[in-house]
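Trainee: build the 3D model from these lines:
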Amino acid sequence: MVTENSMELENQAFLSNQDITGEAPKLLLCSSIASGSDLGSNEGITPMAGIGKEYPELSWYYLYLSNKELKRYISVFSGRKAVRLRTPSGTVEERFFCFKVFSYTATDHRKRFEQCAYTKEEYTARRDSARVVKEAFATGSTQKLNALTNEKGIEGNGWLFVCAPLGQLECILSAMLPRQYLVTDYNTHRAAVIPQRQMEEFIYLYESMPYNIELMNRPLEDYLQKKQRIRITGGVFRGKEGCIMRLHRNSRLVFAFGNMTIAISYLHAFPFEKID
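Mentor: Numbering: from 1, shown residues only. Okay, here's the model as predicted:
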């Protein structure tokens, strides 16, 4: 029997993947450089599931890190470890910073996919995670959001997303060795920014139904060739443009999400129109 709650999760948890444009010190081998922007993502769309306050003073930035560095930077950015900073007077002091963080590794994603039990307990766990994300963004709670990221259990190299003032991030990064760098935008060559609403969508969908999300290996332009282009006309992804293609015997929507290239299942859950 399909319940109302399960339908809500199935319809909303339909997406998210990553392919980040930029110049990180170590680029993920399976990532691509997506020169096309996320068409429609910056339109005035109602945030999904009732979440989505905009915080113009803060933005999401990201880095690609080895597993060891990923764990270290999560501890620093979440306030569990101090940073040694040199003051204008020349003295060194330890300071704590507490920002919103979220990590993604292909290994952790694959583990979630392969270990999915399709049981009532698994559904409850995914539903509870989605509820935490909704509450965290609705209240602006850093503690609730960071509770989803446990650096001790992270496996593999991957991306670290952090919501913080750019000046403070650069100050922290310049003080830590070896020096790490934020991913830069392909077009502007400045630190790449993910809008608040896009990060909410990504985290919500990844936590609620990660098995319908797939990272793509190539830039969006490679998938658009000789494919029917479409535009989503309703739901949380209204305005986004991409193409329909079959992957693993399933029709999926492939499009840019921020500066990422992703594929999502359950295309039938969203109305769309063809683009000539």
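Trainee: ignoring the adjacent residues along the chain, who's closest to Glu200?
Mentor: Phe137 (5.1 Å; C-beta to C-beta, 6 or more residues apart in numbering). For the C-beta atoms, the positions are set from N, CA and C on the backbone; glycine is no exception.
Trainee: state the distance from that neighbour to Leu65.
Mentor: Remark: distance between Phe137 and Leu65 (C-beta to C-beta, to the nearest Å) = 24 Å.
Trainee: ok, these two, which is more surrounded?
Mentor: A count of neighbours by other C-beta atoms under 10 Å puts Phe137 above the other of Phe137 and Leu65, at 25 against 22.
Trainee: check which helix or strand covers that one.
Mentor: helix 120-139 (DSSP states H and E).
Trainee: same question, Arg246
Mentor: Using DSSP H and E, Arg246 sits in strand 241-247.
Trainee: and the contacts of that strand?
Mentor: Residues from elsewhere that reach strand 241-247 (C-beta atoms under 8 Å, 6 or more residues apart in numbering): 39-40, 214, 220, 223-224, 227-232, 251-256, 263, 267, 275.
Trainee: at which residues are the helices of this structure located?
Mentor: Using DSSP state H, the helices of the chain run over 4-12, 67-77, 106-114, 120-139, 142-146, 166-175, 196-208, 220-224.
Trainee: ranking those by burial, who's on top?
Mentor: Here the criterion is mean neighbour count by mean count of other C-beta atoms under 10 Å, and of these the winner is helix 196-208, at a mean of 24.
Trainee: that older thread, strand partners (parallel or antiparallel) of the strand holding Arg246?
Mentor: Sheet partners assigned to strand 241-247 using DSSP bridges are listed as strand 229-232 (antiparallel), strand 250-257 (antiparallel).
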